[in-house]
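A.B. asks: for reference, the sequence and a predicted model appear below.
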Amino acid sequence: MSTEPRLAVVAEPESAQQAAPGTDQAAKETLEDYTLRFAPRSYRRWTPMVVATTALGGIAYMADFSIGAGIGLAHGTGNALLAIAVAAVVIFVTGFPLAYYGARYNIDLDLITRGSGFGYFGSVLTSVIFASFTFIFFALEGSIMAQGLKLGLGLPLWLGYLVSTLMVIPLVIYGMTALSKLQVWTTPIWLLLMVGPLVYLVATDPGTVDRFLAYAGTDGDGGINTASVLLGAGVCLSLIAQIGEQIDYLRFMPPKTEANKRSWWTAVVMAGPGWVVLGALKQAIGVFLAVYIIAEVGPAAAPEPIQQFKHAFDAMMPSWLVLPLAVALVVISQIKINVTNAYSGSLAWTNSFTRVTKRYPGRMVFVLVNLGFALVLMEADMFSFLNSILGFYSNCAIAWVVTVATDIGINKYVLKLSPHAPEFRRGMLYAVNPVGVVAFVAASGLSIAMYFHGLGDTLQPYSPVAAAVIAFVLTPLMAVVTKGKYYLRRTDDGITEPLFDEDGNPSAVTYECHVCRQQFERPDVAACRTHDAVVCSLCLSTDKVGDHVLPAAV
């Protein structure tokens, strides 16, 4: 038996080799959204601008208004705006290399993470972190929608939570095709409803701007305070994992060519790290609207987006139209983001479960699991302790994203210790790469200890800074210490056809997997260990005994 198979053509499947139970179903089910695999060129039919619009449609969430309002009410407008700006810069800088890799190589953030310092099983840690992000923010958006349904239709909150959860299921079933249509058609309506009242208030009552800028907050004196800025930035940085959801769309970008490179780069920057520009603007609007309605409703209701927009609409239109429009804005926003939360969360859970158990139960199972977690959080009234949840979560999210971004930016391009091209296939990677795992665990562990005052009250506000700095320093340090030897278990996947075409895009040459008998493009297959044939990445993941997995290079 040869341990170094090399193939140039598709081999006939051998009758003696039986597919793993459920493999055919798994292969067919993942061909709509490419749940656990590379997104092939044959499926990526959308233009760069359609992909970008779809990706940006997913950030229509109302949570930004609540986050901004909460920070502004506690620390004052000046500290809040600085905190929002600091977080936005960090999110943009770290999101850029991740977005580029997702769009260029057509893989999601989990697959990027595997080859960027974590290893095949090591990235299960970060998949769980990302899945947690999706159900935390699903619960937050569902809570906001339930508030709108209670105010507009009189539904009790518990029923509103249930309605907001169940209504997204039909939309999530159909993957990218349905989501692209939903996001493109609803985005103009959402933008009009969001921007209209703000423009009206500023134009008709300039005094609102003065009151907004002068607001000192319940805990402040109107001055700039470093601790307040960092505490606020820590809450905003909980959104750093949003880049994962943006990449779930960006992986469907068409190949970058000389003809489309301008629109390609515009789409990647705008819908990748550029999402935070709109996000930061929404947070600032949240502070503005909260200050505007404090005098009328009081600080308790000020962080609720339904109250913010109800009172903003009330200033510009007949009273009979106010509530329907406010509820419509909340419902449209909730649907736009929560189909993305449910979709991306199901991908993350499925990725983790399939690698650990070597079974693919179907993505819909994990759509329901994710929605179940979110519903529990909503029924537990997570909205009332929102900032505490986000402040804690941000430490883990920052450690993960900064580690992967640093591995791409420093270890791949500067130190050249990390392989330039991403690798995600089982057999090609070590199970665990200490570079990313050690950096992530150390950064998140120490920053969480700081957040819970484990290192003293003085250092507590600096926990997000610690998470970023520790991850940024340890990632290249670990690569140097290990000499980069734990990135690739082997460099040859046994197929002679190059992985990339002359433009540097993933090759579109197709092969037939001899286990599931489906056609897959070159980056998604590897040679089989025991047969003169190729196996797709999902069948490698579900291979319980390792018959197909290539051995480590000697």
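C.D. replies: That came through, no problem.
A.B. asks: all strands for the stretch 251-400 of the chain, in order.
C.D. replies: Taking DSSP state E, counting those that start in this stretch as the criterion, the stretch 251-400 of the chain contains no strands.
A.B. asks: which stretches of this protein aren't confidently modelled?
C.D. replies: Residue ranges of the chain with pLDDT under 70: 1-36, 58, 171-187, 219-222, 295-298, 300-301, 382-387, 554.
A.B. asks: which residues of it fall in strands?
C.D. replies: Secondary structure of the chain (DSSP state E): strands located at 510-512, 519-521, 525-527, 534-536.
A.B. asks: pick out the residue nearest the middle of the chain.
C.D. replies: Centroid-nearest residue in the chain, with C-alpha atoms, centre = their mean: Gly244, separated by 2.3 Å.
A.B. asks: quick check, that residue in contact with Phe130.
C.D. replies: Yes - the criterion here is C-beta atoms under 8 Å, and Gly244 meets it with Phe130 at 5.0 Å. All C-beta atoms are positioned from the backbone trio N, CA, C, and that covers glycine.
A.B. asks: coming back round to it: any chance of the strands of the chain in a markdown table, with mean neighbour count and distance to Ser463 too?
C.D. replies: What follows is the strands of the chain, written out as a markdown table (neighbours: other C-beta atoms under 10 Å; distance: least, C-beta to C-beta, whole Å):
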| stretch | mean neighbour count | distance to Ser463 |
| --- | --- | --- |
| strand 510-512 | 19 | 48 |
| strand 519-521 | 21 | 43 |
| strand 525-527 | 27 | 41 |
| strand 534-536 | 29 | 42 |
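A.B. asks: which among those strands is found nearest to Ala216?
C.D. replies: Nearest to Ala216, of all those, is strand 519-521, at 58.1 Å by C-beta to C-beta.
A.B. asks: direction included, what does that closest one pair against?
C.D. replies: strand 510-512 (antiparallel) (DSSP bridges).
A.B. asks: any residues touching the strand it pairs with, and which ones?
C.D. replies: With contacts defined as C-beta atoms under 8 Å, 6 or more residues apart in numbering, strand 510-512 is touched by Val10, Pro13, Ser42, Ile495, Gln518, Gln519, Phe520, Glu521, Arg522, Val525, Val534.
A.B. asks: how does it look with 6 Å?
C.D. replies: Val10, Gln519, Glu521, Val525, Val534 (C-beta atoms under 6 Å, 6 or more residues apart in numbering).
A.B. asks: hey, what's the third one bridged with?
C.D. replies: With DSSP bridges as the criterion, Glu521 is bridged to Thr510.
A.B. asks: likewise for the fourth one?
C.D. replies: On DSSP bridges, the residues paired with Val525 through beta bridges are Cys536.
A.B. asks: and the longest helix along the chain, how far from the chain's centre?
C.D. replies: Longest helix of the chain, by residue count under DSSP state H: helix 319-357. Helix 319-357 sits 13 Å away from the centroid of its parent chain (C-alpha atoms, centre = their mean, to the nearest Å).
A.B. asks: other SSEs contacting that helix?
C.D. replies: Secondary-structure packing of helix 319-357 (3 or more C-beta pairs under 6 Å, 6 or more residues apart in numbering; DSSP states H and E): helix 124-153, helix 169-173, helix 175-204, helix 242-250, helix 305-314, helix 363-379.
A.B. asks: one more pass at 8 Å, please.
C.D. replies: helix 109-113, helix 124-153, helix 169-173, helix 175-204, helix 242-250, helix 305-314, helix 363-379, helix 537-541 (3 or more C-beta pairs under 8 Å, 6 or more residues apart in numbering; DSSP states H and E).
A.B. asks: one step back: quick check, nearest of the contacts of strand 510-512 to Leu201?
C.D. replies: The nearest member of the contacts of strand 510-512 to Leu201, counting by C-beta to C-beta, is Glu521 at 51.8 Å.
A.B. asks: so that closest one touches Arg37, yeah?
C.D. replies: No - taking contacts as C-beta under 8 Å, Glu521 lies outside contact range of Arg37: 9.7 Å.
A.B. asks: re the thing from before, distance of the residue lying closest to the residue nearest to the centre of the chain once chain neighbours are set aside from Ile243?
C.D. replies: Spatially, and ignoring its direct neighbours in sequence, Gly244 is nearest to Leu109 (4.2 Å; C-beta to C-beta, 6 or more residues apart in numbering). Leu109 sits 7 Å away from Ile243, taking C-beta to C-beta, to the nearest Å as the criterion.
A.B. asks: please apply the same query to Gly279.
C.D. replies: For Gly279 relative to Ile243 (C-beta to C-beta), the value is 11 Å.
A.B. asks: same check, this time on Tyr105
C.D. replies: Going from Tyr105 to Ile243 by C-beta to C-beta gives 15 Å.
A.B. asks: which of these two has more residues huddled nearby?
C.D. replies: Of the pair Tyr105 and Ile243, Ile243 is the one with more neighbours under other C-beta atoms under 10 Å, namely 29 against 24.
A.B. asks: excluding sequence neighbours, find me the nearest residue to that one.
C.D. replies: The shortest distance from Ile243 to any residue other than its chain neighbours is 4.2 Å, reached at Gly95 (C-beta to C-beta, 6+ apart).
A.B. asks: likewise for Gly102?
C.D. replies: The shortest distance from Gly102 to any non-neighbouring residue, by C-beta to C-beta, 6+ apart, is to Ile247 (3.6 Å).
A.B. asks: wait, isn't that neighbour in contact with Asn106?
C.D. replies: No - between Ile247 and Asn106 there is no contact under C-beta under 8 Å: 10.1 Å.
A.B. asks: what residues are shared contacts of Gly279 and Ile243?
C.D. replies: Residues touching both Gly279 and Ile243 by C-beta under 8 Å, 6+ apart: Ile91.
A.B. asks: pull up the overlap in contacts between Gly244 and Phe130.
C.D. replies: Common contact partners of Gly244 and Phe130 (C-beta under 8 Å, 6+ apart): Leu109, Asp110, Ser344, Ala348.
A.B. asks: which residues touch the second one?
C.D. replies: When contacts are counted by C-beta under 8 Å, 6+ apart, Asp110 touches Ser123, Thr126, Ser127, Phe130, Gly244, Leu347, Ala348, Asn351.
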